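> My questions are about this predicted structure, shown below with the sequence.
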Amino acid sequence: MKKPTGTYARIYTVVRRIPIGRVATYGQVAGLAGLGGHARQVGYAVSALPDESNVPWHRVINARGEISPRGEPGGDLEQRSLLEAEGVQFNAGGRISLERYRWRPRTGLP
DNA sequence: TTTATGGCTGTCA
DNA sequence: ATGACAGCCATAA
């Protein structure tokens, strides 16, 4: 294992661990990344993610189980599209059932 | 070095 | 149920 410098790298690593058909909240990723409750950093890290990154940032959503309205128009729509393509279903209003699609990590936790 | 910003979260009314 | 407020930290300029 290496020691990735920068908090972003850590977040990307966690997001990459999210399986298909599953979603994780910013707070969840933050906790797994070791940030602990600092979900905001996750959002900024993902916002800075380059398109060539193999990080499924679209699998990361807010605690409401919905996609955050980022500053880029259409961005949230594309995220929803990607999730639906993976098999994630949205409720009326574009919300996801966290109780059903929330990613539950097993190994790697203390 | 400091300043400003930001795809969040949790609590209260 | 919804709306509003404050707090935490890293990155970039």
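All right, it came through fine.
> residues touching A:Gly36, list them.
A:Gly36 makes contacts with A:Ala30, as judged by Cβ atoms under 8 Å, 6 or more residues apart in numbering. In short, each C-beta sits where N, CA and C put it, glycine included.
> center of chain A, which residue is that?
The residue lying closest to the centre of chain A (Cα atoms, centre = their mean) is A:Val60, at 1.7 Å.
> Okay, and the beta partners of that one?
Following DSSP bridges, A:Val60 is listed with bridge partners A:Ala24.
> That one and A:Ala24 touch, don't they?
Yes - the pair A:Val60 / A:Ala24 is scored as a contact, 5.8 Å apart, by Cβ atoms under 8 Å.
> shared neighbours, those two?
Overlap of the contact sets of A:Val60 and A:Ala24 (by Cβ under 8 Å, 6+ apart) consists of A:Val15, A:Ile18.
> Counting neighbours, what do you get for the residue nearest to A:Ala63 when sequence neighbours are not counted?
Excluding the flanking residues, the one nearest A:Ala63 by Cβ to Cβ, 6 or more residues apart in numbering is A:Thr25, at 4.9 Å. By the criterion of other Cβ atoms under 10 Å, A:Thr25 has 19 neighbours.
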